[in-house]
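S.K.: Quick one, structure for this:
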Amino acid sequence: MKNNKINLAIAGVNGRMGKSILKILNTSKINNLTLNGVTEHKLSLKKENKILYKSNFLNIKSNLIDIKNQFDILIDFTNPKTTLENINFCKKYKKKIVIGTTGFTEQQKLIIKKISKDIAVILSSNFSQGINFLLKIIENFTKILCKNKEINNLDIDIIEKHHKNKKDSPSGTALSLKDMIIYNYKKFNIVKKVTCHSIRAADLYGEHNILFSFIGEQIELIHKASNRIPFAKGAINAAIWLSNKKTGIYNMHDVLGI
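M.R.: From the prediction side, this is the model:
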């Protein structure tokens, strides 16, 4: 990128996260960052195939090839199938990509990791600061629990709530929390069951409750989102951070330096 200018594109601009990212970009002044291209699945395009960005209108395209010369970094909150198509496009044309899509299979994650040898990738199930700080807290907390002789009497449950149209269940964030706990137990040669519970209702933005239950007492760690702004800001900050990377796969812990 010349003169450190970041040319950005959004895949899935009419989706919940796409709209939230666009809103932040329209209401914030971010030096050296410009939104130059947006895409949406052709079946989702409305009669008016334009969006307002700053004082100009951008045409919404149905695929990335139409804007391949207009961006350096793509933010993608779509679905696993579309994201894999998009990351292969980014590999071919040497673009960087921020992936917020969840619901990938293990095989799909391996494909993304392999492609990251050629381009820079951020893959995260959640872009909010709060959730990523919570993951760090849980990492340290489980280390303490593993040293406790009563650990076998502990039940661990993750309760997550999202809007009724969210397709993956449990959420990618819930699975990240679960993986963090199990990973730390394995370090102490302890096999521990972590149970996820999902609620899909109305237009909930996202809530994650990690419940550690002992006999006679419980410890709860809770993160609640009241809107999508923290996720949108996190994705934009991730794109800015990624602009200085050439290859490799990263997550929000890398972006936040935690």
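S.K.: all contacts plus neighbour counts: C-alpha atoms, from now on.
M.R.: Will do.
S.K.: what are the ranges of the helices in the chain?
M.R.: Counting by DSSP state H, the segments of the chain that form helices are 16-27, 80-93, 106-115, 129-146, 172-187, 229-242, 252-256.
S.K.: out of these, nearest to Ile222?
M.R.: helix 129-146 (8.4 Å; Cα to Cα).
S.K.: report the angle between the axes of the closest one and helix 172-187?
M.R.: 30 degrees (axes from the mean of the first three to the mean of the last three Cα atoms, to 10 degrees).
S.K.: what comes up buried for helix 129-146?
M.R.: Gln129, Gly130, Ile131, Asn132, Leu134, Leu135, Ile138, Glu139, Thr142, Cys146 (16 or more other Cα atoms under 10 Å).
S.K.: ranking the helices of the chain by burial, who's on top?
M.R.: helix 229-242 (a mean of 21; mean count of other Cα atoms under 10 Å).
S.K.: Show me what it is packed against.
M.R.: Judged by 3 or more Cα pairs under 8 Å, 6 or more residues apart in numbering; DSSP states H and E, the packing partners of helix 229-242 are helix 16-27, strand 73-76, strand 96-99, strand 120-123, helix 252-256.
S.K.: possible to save the ones you listed as a markdown table with mean pLDDT?
M.R.: Formatted as a markdown table, those follow (pLDDT from 0 to 100):
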| stretch | mean pLDDT |
| --- | --- |
| helix 16-27 | 95 |
| strand 73-76 | 98 |
| strand 96-99 | 98 |
| strand 120-123 | 98 |
| helix 252-256 | 96 |
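S.K.: so which of these gets nearest Leu177?
M.R.: Among these, helix 252-256 sits nearest to Leu177 (Cα to Cα), with 13.4 Å.
S.K.: who's in contact with that closest one?
M.R.: Residues outside helix 252-256 that contact it (Cα atoms under 8 Å, 6 or more residues apart in numbering) are Ile122, Leu123, Ser124, Asn126, Phe127, Gln129, Asn132, Asn237, Ala238, Trp241.
S.K.: a markdown table please, covering the helices of the chain and showing distance to Ile73.
M.R.: Putting those into a markdown table (distance: least, Cα to Cα, whole Å) gives the following:
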| stretch | distance to Ile73 |
| --- | --- |
| helix 16-27 | 14 |
| helix 80-93 | 9 |
| helix 106-115 | 15 |
| helix 129-146 | 21 |
| helix 172-187 | 23 |
| helix 229-242 | 7 |
| helix 252-256 | 15 |
